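S.K.: could you look at this predicted model? Sequence included:
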Amino acid sequence: MLVDNADHMGLSQLYQLRGRVGRSSRQAYCYLFYRRNKQLSEIAERRLAAMKEFSALGSGYKVAMRDLEIRGAGNLLGGEQHGALISVGFDLYCQLLANAVSEMRGEEPVEDILPAMDIPVTAMIPQEYIPGEAERIYFYKRMSGVRSTGDVEGLQAELEDRFGDPPRPVWDALAVLRLRLRCKEMGVLSVKSEGTTVSFRFAPNVRLVPEAIKLLTYVFKGLRFLPDGVSVPMASAKVLEQTEEMVRVLEEALAHGRDKTKVKAR
């Protein structure tokens, strides 16, 4: 099947047309064409990118969700096709909507966010790796939605499968995501590089027992304790590798406190 001026059509129309081929034992193809050197609109690019991305059998639900994200959810209580979904994205829209509903019910909204990490590391998706702006934004949104190590591994596998071996900035971005997940498990609220030190701010319920303090002062010479955390000096210019080592030692130190608390509870 040949579809000319495919950029003029909606995502659901393109998906239905493509579904009309390949239903027998013979392999069939659907080619979507648009004019050479034509400047496509952002929405048209996102539609064509979605057709390329969701090519496996049973992708109808994913296509419908992407179409909803592109066009917008519309008025929650009416038929108008407006609203902010196209601007903020489907996941964030649902999160904001859930928070608003919880607030109207008098419930305290639960924020599931990762700790902030401000260190001088080039963590990004270069244009040379993913040329399409819409696809880069899509993967940035995927990164912002990571909440487990399994999410990171799935994201990495998809990047490698679609675009090849990631460059250093992408590896660093994935490494920072893993560090933020580990910090959240430890009860670290934020990590910030300040000059030649890296500061870790703890949640109010995190306590350093004497054994943890002893371990930290033994490993990190020049360690400073802050009212709500610690400040660790860097020994080299390799900030990411040093931060990973700091997080590893902090995990071990805070584990002492958790183990001691369990013993007292018994």
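M.R.: Okay, I see it. Numbering: from 1, shown residues only.

S.K.: quick one, what contacts the residue most central in space within the chain?
M.R.: In the chain, the residue lying closest to the centroid (C-alpha atoms, centre = their mean) is Met143, at 1.6 Å. By C-beta atoms under 8 Å, 6 or more residues apart in numbering, the contact set of Met143 is 155, 173, 177. To be clear about C-beta, it is placed using only N, CA and C from the backbone, and glycine gets the same treatment.

S.K.: in helices, which of those residues fall?
M.R.: Taking DSSP state H, the ones among the contacts of Met143 that sit in helices are 155, 173, 177.

S.K.: mind putting these in TSV, neighbour count and distance to Leu48 included?
M.R.: Written out in TSV, the entries for those read as follows (neighbours: other C-beta atoms under 10 Å; distance: C-beta to C-beta, whole Å):
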residue	neighbour count	distance to Leu48
Leu155	19	22
Ala173	21	26
Leu177	22	29
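
S.K.: helix, strand or coil for Phe225?
M.R.: Of the three states, Phe225 takes strand under DSSP: H, G, I helix; E, B strand; the rest coil.

S.K.: my error: substitute Leu189 in the last question.
M.R.: Under three-state DSSP, Leu189 comes out as strand.

S.K.: next, count neighbours for Met246.
M.R.: The tally of other residues near Met246 (other C-beta atoms under 10 Å) stands at 22.

S.K.: please apply the same query to Arg66.
M.R.: The burial metric for Arg66, expressed as a neighbour count using other C-beta under 10 Å, is 22.

S.K.: check Ala203 too.
M.R.: Counted by other C-beta under 10 Å, the residues lying close to Ala203 total 13.

S.K.: is it true that it touches Val188?
M.R.: Yes - counting by C-beta atoms under 8 Å, Ala203 touches Val188, with 7.4 Å between them.

S.K.: check the residue lying closest to Arg168 once chain neighbours are set aside and give its pLDDT.
M.R.: For Arg168, the nearest residue in space outside its immediate sequence neighbours is Thr122; the separation is 7.5 Å by C-beta to C-beta, 6 or more residues apart in numbering. For Thr122, the model assigns a pLDDT of 90.
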